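This is a predicted model, with the sequence first.
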Amino acid sequence: MIHLDKASTTPVYMQIANQFSNAIQRNIIPVQTKLPGTRKLAELLQVNRNTIIAAFEELITQGWLISLPNKGTFVHQAKQVVHTNSHAFPSTTGYAFTTDNRLDLPSDQHRCRYYFTDGTPDIRLGLQEELAAIFSANLKRKQHSTYFDPYTKKAVVALKKQVANYVNLTRNIQATPAHILTTQSPTSALYLCAKLLLKASDHVAISEYGYYGSHAILQHTGAQLHTIPLHAEGLDLLALEKLCQQRPIRLFYLTANHHYPTTQSLSVQQRVKLLQLAQQYGFILLEDDNHFDFHYNNNPPLPLLSGDTKGMVIYLSSIGTSIATDFTMGVVVAPENLIRELEKHQAVLEENKNYFTTHTLTELIEEGILFRHQVKVNKIYSERRDYFCRVLGNLFGDRIAFSVPEGDLAVWITFSSPINLMRVRALCMLNNLYIPTALLYQSKKLTGIRLGFAHLTTDEIDLCLSIFHQACVE
């Protein structure tokens with residue numbers, strides 16, 4: 001009846017108390033039942049006796065148990081008891097529904113101490129003190145109660161104004177708040193655009209390799225996806241033009257800056273040609289630039305949107321990524337008529353109730369805190385990138401090929417000779433290092449892996465790459 005999860009963040013005594021109270025509510029343990037002594041229960045559950053004592057004290061406080069001197073501990077008649085016949089919860093529905101395996105995303109879990117990601121910030125570098133101060137101040141300001149009025153949307157309007165200023169400053173985009181849509185996550189931004197713009201009969205172009213989650217969203221619309229090959233200079237635009245001549249392409253989804261997974265950025269010449277093709281063949285350029293803020297030189301490549309004069313580009317990005325997940329928002333920048341329509345769909349899908357989070361992020365941008373923090377962490381990530389690449393090169397030599405990325409939070413690695421990456425992953429897990437399957441790219445012509453470095457300190461980089469290298473050579 002009692003199942004303990006030692007890896008859970010819930011204290012063991014509370015796990016015991018919660019499961020006892022659930023059993024009492026369902027009448028699995030009847031009222032007036034005398035429970036075994038604390039020593040006996042501690043022995044049965046293989047926990048310290050003090051843990052059982054703490055669980056009993058919690059249950060007595062809640063009114064589920066009563067302790068009678070010289071008699072023992074008994075199940076007490078509590079008002080919350082639900083007398084019911086216990087039935088196993090059904091494992092399947094009694095009705096049919098359509099399943100879509102295109103949305104099957106990797107969701108494996110692990111208990112390893114160390115792990116690689118596909119490129120995520122280090123939350124230990126977040127603005128904890130500043131966030132706490134601003135968030136706390138917002139909670140206490142009585143005048144901010146007007147932000148809860150769902151009909152004024154003051155919080156959203158204020159945020160859009162600051163986001164417009166931020167993207168204009170950092171990305172050379174001449175946008176107004178009317179050109180901005182903020183969403184609860186970057187994924188929501190892509191989902192809204194895909195559902196509005198695509199239907200089952202449409203043809204969509206994507207790059208040869210890409211982020212599985214984004215491709216799953218595009219596939220879910222029923223549109224047919226066509227891959228555009230990659231080469232050393234970037235996208236094969238001749239292949240894209242040939243595809244446009246063969247069938248009507250509705251949309252091209254791409255990451256012009258820091259392509260996923262290769263971290264490659266398109267040249268200026270390719271960007272100009274891409275905009276020309278979009279105008280000539282009438283397809284939408286859906287530009288995903290989620291990691292624009294993470295760049296390591298003074299002249300980062302600007303988004304396609306900065307050179308778009310015909311309204312063919314929809315720009316997707318994020319804001320707050322360097323702080324914490326809870327403060328990361330998706331951003332759509334597009335012509336005003338599209339933003340108005342997206343807002344209608346968003347009103348159905350997302351109900352904005354994150355008033356304090358929204359206002360806190362607004363203040364971080366307005367006061368320049370977010371910009372200064374981004375500059376600070378980029379310097380740290382640049383140093384970690386250089387160290388990561390140096391260690392990687394020393395360990396593997398010419399057995400791998402990689403380029404030092406000018407931006408992004410990961411390194412794209414290809415192996416000169418094929419190796420079994422799933423076996424490497426399994427060996428790493430035996431040594432307390434977790435590698436998600438989504439980072440592995442293996443086919444007849446490619447053995448590659450995308451490894452994030454930004455969330456690791458130099459000591460952690462040494463350890464993780466040492467384990468990874470050992471797994472590769474075994």
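Looks like it came in fine. Numbers count the residues shown, from 1 in each chain.

Which other helices and strands does the helix or strand of the chain with the lowest mean pLDDT contact?
Least confident helix or strand of the chain, by mean pLDDT, DSSP states H and E, is helix 128-140 with a mean of 78. The contact analysis (3 or more CB pairs under 8 Å, 6 or more residues apart in numbering; DSSP states H and E) places helix 128-140 against helix 355-366. Where C-beta positions appear, they are placed from N, C-alpha and C, glycine not excepted.

Buried ones in the helix it packs on, by neighbour count?
Within helix 355-366, the residues that count as buried by 16 or more other CB atoms under 10 Å are 355-365.

Now do the same for it: mean pLDDT, whole number.
Averaged across helix 355-366, pLDDT comes to 86.

just checking, what packs against the next helix or strand after that helix?
Following helix 355-366 in sequence order, the next helix or strand is helix 369-396 (DSSP states H and E). Counting contacts by 3+ CB pairs under 8 Å, 6+ apart, helix 369-396 is packed against helix 154-171, helix 355-366, strand 400-402, strand 410-415, helix 458-473.

rank those by mean pLDDT and give me the bottom one.
helix 355-366 - the lowest mean pLDDT of these, at a mean of 86.

Which strands or helices does that helix pack on?
Right, helix 355-366 is packed against helix 128-140, helix 154-171, helix 369-396 by 3+ CB pairs under 8 Å, 6+ apart.

Mean neighbour count, these: which tops it?
Highest mean neighbour count of those: helix 154-171, a mean of 19 (counted as mean count of other CB atoms under 10 Å).

nearest to residue 446, of the buried residues of helix 355-366?
residue 361 (39.4 Å; CB to CB).

Now for the closest one: which residues touch it?
Each residue near residue 361 by CB atoms under 8 Å, 6 or more residues apart in numbering is listed here: 159, 319-320, 327, 329, 370.

ok, 7 Å please
159, 320, 327, 329 (CB atoms under 7 Å, 6 or more residues apart in numbering).

The last one: neighbour count?
The reference is to residue 329. Neighbourhood size, residue 329 [other CB atoms under 10 Å]: 22.

Surely it touches residue 183?
Yes: applying CB atoms under 7 Å, one finds residue 329 in contact with residue 183, separated by 6.5 Å.

Low-confidence bits of this protein, can you list those?
Within the chain, the stretches with pLDDT under 70 are 77-87, 105, 107-108, 142-152, 352-353.

Just want the most central residue of it.
Most central in the chain under CA atoms, centre = their mean is residue 325, positioned 7.6 Å from the mean C-alpha point.

For that one, give me phi and psi.
phi -60, psi -40 (degrees, to the nearest 10).

quick one: the residue lying closest to it once chain neighbours are set aside from residue 196, how far?
Closest residue to residue 325 apart from its sequence neighbours, by CB to CB, 6 or more residues apart in numbering: residue 123 at 7.6 Å. With distances taken as CB to CB, to the nearest Å, residue 123 is found 33 Å from residue 196.

now swap in residue 366 and tell me
Taking CB to CB, one finds residue 366 at 30 Å from residue 196.

ok, which stretches of the chain are helices?
In the chain, helices defined by DSSP state H lie at 12-25, 38-45, 49-62, 128-140, 154-171, 186-197, 212-220, 237-246, 268-281, 336-349, 355-366, 369-396, 421-430, 458-473, listed in chain order.

can you list those in a markdown table and add distance to residue 289?
Formatted as a markdown table, the helices of the chain follow (distance: least, CB to CB, whole Å):
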| stretch | distance to residue 289 |
| --- | --- |
| helix 12-25 | 44 |
| helix 38-45 | 52 |
| helix 49-62 | 50 |
| helix 128-140 | 25 |
| helix 154-171 | 8 |
| helix 186-197 | 10 |
| helix 212-220 | 12 |
| helix 237-246 | 19 |
| helix 268-281 | 12 |
| helix 336-349 | 17 |
| helix 355-366 | 18 |
| helix 369-396 | 15 |
| helix 421-430 | 28 |
| helix 458-473 | 26 |
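
Of those helices, which is nearest residue 98?
Residue 98 lies closest to helix 212-220 among these, at 11.6 Å (CB to CB).

can you tell me which residues contact residue 415?
By CB under 7 Å, 6+ apart, the residues touching residue 415 are 399-400, 447.

Just give me the closest of these to residue 187.
residue 447 (28.6 Å).

What separation is there between that closest one and residue 30?
Going from residue 447 to residue 30 by CB to CB gives 62 Å.

And residue 90, by the same measure?
In terms of CB to CB, residue 90 sits 25 Å off from residue 30.

Next: residue 88.
20 Å.

Any idea how many residues pack against the closest residue to residue 258 other than its chain neighbours?
Nearest residue to residue 258, sequence neighbours excluded (CB to CB, 6+ apart): residue 408, at 3.9 Å. Each residue near residue 408 was counted by other CB under 10 Å, and the total is 31.

Equivalent analysis for residue 95, please.
Neighbours of residue 95 (other CB under 10 Å): 5.

separation between it and residue 410?
From residue 95 to residue 410 the distance is 43 Å (CB to CB).

Pretty sure residue 359 sits against residue 138.
Yes: contact criterion CB under 7 Å: residue 359 and residue 138 qualify, at 5.3 Å.

how close does residue 223 sit to residue 249?
Residue 223 is 10 Å from residue 249, where distance means CB to CB.

How many neighbouring residues does residue 112 have?
By the criterion of other CB under 10 Å, residue 112 has 14 neighbours.

list the contacts for it?
429, 432-434.

same check, this time on residue 278
285, 312.

what do you get for the one 10 residues further on?
Residues touching residue 288, when contacts are defined by CB under 7 Å, 6+ apart, comprise 190, 214, 253, 255, 316.

again, but for residue 396
Counting by CB under 7 Å, 6+ apart, residue 396 touches residue 469.

any idea how far it lies from residue 465?
Relative to residue 465, and taking CB to CB, residue 396 is found at 9 Å.

now residue 308
Taking CB to CB, one finds residue 308 at 41 Å from residue 465.

what do you get for residue 26?
On the measure of CB to CB, residue 26 and residue 465 end up 51 Å apart.

can you check residue 241 too?
Distance of residue 241 to residue 465, computed by CB to CB: 41 Å.

what's the answer for residue 123, then?
Taking CB to CB, one finds residue 123 at 21 Å from residue 465.

now residue 116
10 Å.

Taking the chain centroid, which residue in this protein is the extreme one?
residue 70 (55.9 Å).

Report the contact partners of it.
Contacts of residue 70 by CB under 7 Å, 6+ apart: none found.

Backbone dihedrals for it, please?
phi 70, psi 10.

Next: residue 446.
Main-chain dihedrals, residue 446, degrees, to the nearest 10: phi -150, psi 140.

closest to residue 260 out of the helices and strands packed on helix 355-366?
Once the helices and strands packed on helix 355-366 are compared by CB to CB, helix 369-396 is nearest, at 16.5 Å.

Would you enumerate the residues in contact with residue 391?
Residues near residue 391 by CB under 7 Å, 6+ apart: 461-462, 465.

let's see 10 Å
Counting by CB atoms under 10 Å, 6 or more residues apart in numbering, residue 391 touches 453, 458, 461-462, 464-466, 469.

Now residue 48. Nearest residue, chain neighbours left out?
Distances taken as CB to CB, 6+ apart place residue 42 nearest to residue 48, at 6.4 Å, with adjacent residues excluded.
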